[in-house]
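Student: no sequence for this one, just the structure:
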């Protein structure tokens, strides 16, 4: 539901009390994760690598937003999904989203190595 917390004003992506594009993108990513979750092996997860969407209609406070995703193409560890969001009046945004299937622990270790060169994270 569109509330103060997910408006463009609060998200700092605009100056109006309407559903923010970053909030829409987050819902689309969540929908994509749910679609892919059942096909993962132990220790695997997916990470977003690309999002190409349009935000086509404004949704005001109180609107109920739902996001959906459907697998469009699989190429090895890369999956392209069609994503869309809608409120009670219809489609508010649509596009494509790419996710990579990775081993979660390896990705976290690589991120730490990249930032801290193997040293402990600062406290």
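Tutor: That came through fine. Please read these numbers as outputs of a predicted model, since none were measured by experiment.
Student: gap between the residue most central in space within the chain and residue 46?
Tutor: Centrality entry for the chain: nearest residue to the mean C-alpha point is residue 29, 2.3 Å, by CA atoms, centre = their mean. Taken as CB to CB, to the nearest Å, the spacing of residue 29 relative to residue 46 amounts to 10 Å. (Each C-beta comes from the backbone N, C-alpha and C, glycine too.)
Student: and the longest helix along the chain, what other elements does it pack with?
Tutor: The helix that spans the most residues within the chain, counting by DSSP state H, is helix 21-37. Based on contacts counted as 3 or more CB pairs under 8 Å, 6 or more residues apart in numbering; DSSP states H and E, the elements that helix 21-37 packs against are helix 8-11, strand 44-55, strand 66-75, strand 78-87, strand 90-103.
Student: including distance to residue 35 and mean pLDDT, could those go into JSON lines?
Tutor: Formatted as JSON lines, those follow (distance: least, CB to CB, whole Å; pLDDT from 0 to 100):
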{"stretch": "helix 8-11", "distance to residue 35": "25", "mean pLDDT": "96"}
{"stretch": "strand 44-55", "distance to residue 35": "10", "mean pLDDT": "97"}
{"stretch": "strand 66-75", "distance to residue 35": "5", "mean pLDDT": "98"}
{"stretch": "strand 78-87", "distance to residue 35": "7", "mean pLDDT": "98"}
{"stretch": "strand 90-103", "distance to residue 35": "9", "mean pLDDT": "97"}
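Student: contact partners for residue 35?
Tutor: Each residue near residue 35 by CB atoms under 8 Å, 6 or more residues apart in numbering is listed here: 69-71, 81.
Student: lovely, talk soon.
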